[in-house]
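**Q** how would this look folded up:
(one chain, ligands or ions: 1)
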Amino acid sequence: MSTEAFQQCINPDCRSTYAVDEVLFACSGCGSLLDVGYDWDKVPVPDSLSFFAKRWASSGRSLESRADYSGVWRFRELLPFARLSDLATIGEGRTTLQQVDAIARRLGMKSGSLFFQYEGFNPSGSFKDNGMAAAFTVARMLNRKRVACASTGNTSASMAMFASVLSESSDKAVQAIVFVGSGKIAYGKLSQALDYGATTLQIAGDFDACMRNVADVAEKLKIYLMNSVNPFRLEGQKTIMYRVLEGLSWEVPDWIIVPGGNLGNSSAFGKAFAELHQLGLIDRIPRIAIINAAGANTLCTLVNEYQLEWQEGRIESAVIDEHYSRHKESGWRAQTIASAIEIGRPVNLTKALRTLHCTNGLVRQIDDETILEHKALIGRHGYGCEPASAASLAGLRLLRDEGVIGTDERVVCILTGHSLKDPDATVGYHTGIDTKAVQWPKPSTPAGSLANQPISVGDDLDEICRVIESTRSDPRN
Ligand code: F0G
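**A** Residues are numbered from 1 along each chain as shown. Here you go, the predicted model:
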């Protein structure tokens, strides 16, 4: 465990600090989110970012080589909360920046101005592996044997994969428990959680119901929570930005465009740039554009309609509460074809406001049809991504149309997940078949010896806890 790292409340009027090994997902004083903070004076940070690039070609089985091979731990001096021997890795983050001139031209931009950071190349097929490497490192340091998350699919796929790969021996076995909204998850992602052996709870509700339940269950049953309220997850996700800079020979782009769901990436990216700037490793901070789906537009509405701002951490929480009350009264629920970002109550809302503040960022929303058009455009050019990821390119088009982004500004769109995550959306787009109309049929008894059926559970805390406890003796785990 590192002595330079600590957890710290993001509320400037509180700023309580906690040790790295305290298991908390909010400040116990004021309830705000926590950051991982560092005493940078005590950390041997290299003078220049180019130091990290030489680790890229590392191979071999030593602890150091394995850490160097990881696109997360290659940058370990910039997230120094664990010792080398603690680091969990499955080979995540070996993703690179792709220059996409043909698409740039279609958007009236100059060659060399548009790039995709293609996170679909991660082992589980999405950017989540960056954060899981960090969160699993902490889970192992704390010797936690059960981990849980609520998910629209990718977090659960990634968590299930890490748990399964890292359970190399019975003393290291970790049970992955995933909460997914019934009928709310693309089959590509569900298939991963089942195949990797996760205990999969199909909650009668949406992502927001899953998130509420998993937080309560984690506390009640002492299960380690792996959602992005876990501040260590975001430390891993900072490295996506380091790799973007690496792909640009350490030059800072003008814009980063990222889809916004639970707002973990947006929060992590802002923190990454703020720290690099503070450390003198970059001389300016790019602007970050966060793109919501129109059917899941909480951040966009709060920022653009209700002028909600970071205000040095003194956020007007009444504005947020009133907005959620309106949702409740009207029965509004997030709904979008981009199921990965179908989230009404993003847990990292306040950190995303901080990112918008420190990057001079902005938020936009995109309707489903436009998301699918841009997904098809990305696919036609050979990259392929799931619908949520395409919100980034659709956001760029909108910002070009608005005249906010110029022809020769350097823009990086984050492609968060692989196209094979949600083939239904792709087939639906290309054939006109409404795959969404196919609700999950009641499964018959599967024949396979390793069949891992999801368990249907009500939106009910006691029932969920009972079911989880009954899976402890499950031979799968
Ligand atoms: N893109 C994809 C492919 C995602 O899976 C997610 C989030 C996002 C974008 C949004 O990222 O939450 O950091 O704003 N998926 C989560 C999940 C919620 O459960 O897999 P965010």
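**Q** Next one: the nearest residue to residue 74 once chain neighbours are set aside, what pLDDT does it get?
**A** Distances taken as C-beta to C-beta, 6 or more residues apart in numbering place residue 55 nearest to residue 74, at 4.6 Å, with adjacent residues excluded. Every residue, glycine included, has its C-beta placed from N, CA and C. pLDDT, the model's per-residue confidence, is 90 for residue 55.
**Q** when you give positions from now on, start the count at 18
**A** Sounds good: first residue 18 from here, last item residue 72.
**Q** burial measure for residue 72, as a count.
**A** 18 (other C-beta atoms under 10 Å).
**Q** Over to residue 399?
**A** 9.
**Q** The residue nearest to residue 91 and the ligand, how far apart?
**A** 26 Å (C-beta to the nearest ligand atom, to the nearest Å).
**Q** how much space is there between that residue and residue 85?
**A** 4 Å (C-beta to C-beta, to the nearest Å).
**Q** Now the common contact residues for those two.
**A** residue 91 (C-beta atoms under 8 Å, 6 or more residues apart in numbering).
**Q** Check whether residue 154 really touches residue 107, as I assumed.
**A** No - under the criterion of C-beta atoms under 8 Å, residue 154 makes no contact with residue 107, lying 11.7 Å away.
**Q** Comparing the two, which shows the higher neighbour count?
**A** Neighbour totals were compared for residue 154 and residue 107, and residue 154 leads with 23 against 18 (other C-beta under 10 Å).
**Q** Make sure that one is indeed in a helix.
**A** Yes - per DSSP: H, G, I helix; E, B strand; the rest coil, residue 154 lies within a helix segment.
**Q** show me the contacts for it.
**A** The contact partners of residue 154, taken as C-beta under 8 Å, 6+ apart, are 98-99, 103-105, 249.
**Q** residues in the stretch 368-494 of the chain within reach of the ligand, list them.
**A** Neighbours of the ligand within the stretch 368-494 of the chain, by C-beta under 6 Å from any ligand atom: 403, 405-406, 433-434.
**Q** Next: the stretch 118-267 of the chain.
**A** Checking the stretch 118-267 of the chain against the ligand by C-beta under 6 Å from any ligand atom, the hits are 143, 145, 168-172, 245.
**Q** cutoff 8 Å now
**A** 143-145, 166-175, 206, 224, 244-245, 254 (C-beta under 8 Å from any ligand atom).
**Q** hey, C-alpha coordinates of the lowest-mean-pLDDT helix or strand in the chain in PDB?
**A** Within the chain, no helix or strand scores below helix 440-448, which has a mean of 90 by mean pLDDT, DSSP states H and E. The C-alpha coordinates for helix 440-448 follow below in PDB (Å, rounded to 0.1, in the frame of the first residue of the first chain):
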ATOM      1  CA  PRO A 440     -25.000  -6.800 -32.700                       C
ATOM      2  CA  ASP A 441     -28.800  -6.500 -32.400                       C
ATOM      3  CA  ALA A 442     -28.500  -2.700 -32.800                       C
ATOM      4  CA  THR A 443     -26.400  -3.100 -35.900                       C
ATOM      5  CA  VAL A 444     -28.600  -5.800 -37.500                       C
ATOM      6  CA  GLY A 445     -31.700  -3.700 -36.600                       C
ATOM      7  CA  TYR A 446     -30.200  -0.700 -38.300                       C
ATOM      8  CA  HIS A 447     -29.200  -2.600 -41.400                       C
ATOM      9  CA  THR A 448     -32.300  -4.800 -41.800                       C
END
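**Q** what packs against it?
**A** helix 204-212, helix 385-397 (3 or more C-beta pairs under 8 Å, 6 or more residues apart in numbering; DSSP states H and E).
**Q** any chance of these in JSON lines, plus mean neighbour count and mean pLDDT?
**A** JSON lines is the format used below for these (neighbours: other C-beta atoms under 10 Å; pLDDT from 0 to 100):
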{"stretch": "helix 204-212", "mean neighbour count": "21", "mean pLDDT": "96"}
{"stretch": "helix 385-397", "mean neighbour count": "19", "mean pLDDT": "95"}
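**Q** Export those helices to a markdown table and append columns for distance to residue 277.
**A** Shown next, in a markdown table, are the helices and strands packed on helix 440-448 (distance: least, C-beta to C-beta, whole Å):
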| stretch | distance to residue 277 |
| --- | --- |
| helix 204-212 | 19 |
| helix 385-397 | 13 |
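**Q** doesn't residue 89 make contact with the residue nearest to residue 91?
**A** No - with contact defined as C-beta under 8 Å, residue 72 and residue 89 do not form a contacting pair (11.5 Å).
**Q** Assign the nearest residue in space to residue 299 that is not next to it in sequence to helix, strand or coil.
**A** Counting by C-beta to C-beta, 6+ apart, residue 293 is the residue found nearest to residue 299 once chain neighbours are left out, at 4.5 Å. Secondary structure, three-state DSSP: residue 293 is helix.
**Q** Residue 293: neighbour count?
**A** Considering only other C-beta under 10 Å, residue 293 is surrounded by 21 other residues.
**Q** which residues sit in contact with it?
**A** 66, 95, 262, 299.
**Q** swap the cut-off to 10 Å and go again
**A** Residues in contact with residue 293 (C-beta atoms under 10 Å, 6 or more residues apart in numbering) are 62, 66, 95, 255, 258-259, 262, 269, 299-300, 302.
**Q** Now the helix or strand hosting residue 263 - C-alpha only, PDB.
**A** Secondary structure from DSSP states H and E places residue 263 in helix 248-264. The C-alpha coordinates for helix 248-264 follow below in PDB (Å, rounded to 0.1, in the frame of the first residue of the first chain):
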ATOM      1  CA  PRO A 248     -12.800   6.300  -6.800                       C
ATOM      2  CA  PHE A 249     -10.000   3.800  -7.700                       C
ATOM      3  CA  ARG A 250     -12.000   2.800 -10.900                       C
ATOM      4  CA  LEU A 251     -11.500   6.300 -12.100                       C
ATOM      5  CA  GLU A 252      -7.800   6.200 -11.500                       C
ATOM      6  CA  GLY A 253      -7.500   3.400 -14.000                       C
ATOM      7  CA  GLN A 254      -9.700   5.300 -16.500                       C
ATOM      8  CA  LYS A 255      -7.300   8.300 -16.400                       C
ATOM      9  CA  THR A 256      -4.900   6.300 -18.400                       C
ATOM     10  CA  ILE A 257      -7.100   6.500 -21.500                       C
ATOM     11  CA  MET A 258      -6.100  10.100 -21.700                       C
ATOM     12  CA  TYR A 259      -2.400   9.300 -21.200                       C
ATOM     13  CA  ARG A 260      -2.600   7.000 -24.200                       C
ATOM     14  CA  VAL A 261      -4.400   9.700 -26.200                       C
ATOM     15  CA  LEU A 262      -1.500  12.100 -25.500                       C
ATOM     16  CA  GLU A 263       1.000   9.400 -26.300                       C
ATOM     17  CA  GLY A 264      -0.800   8.800 -29.700                       C
END
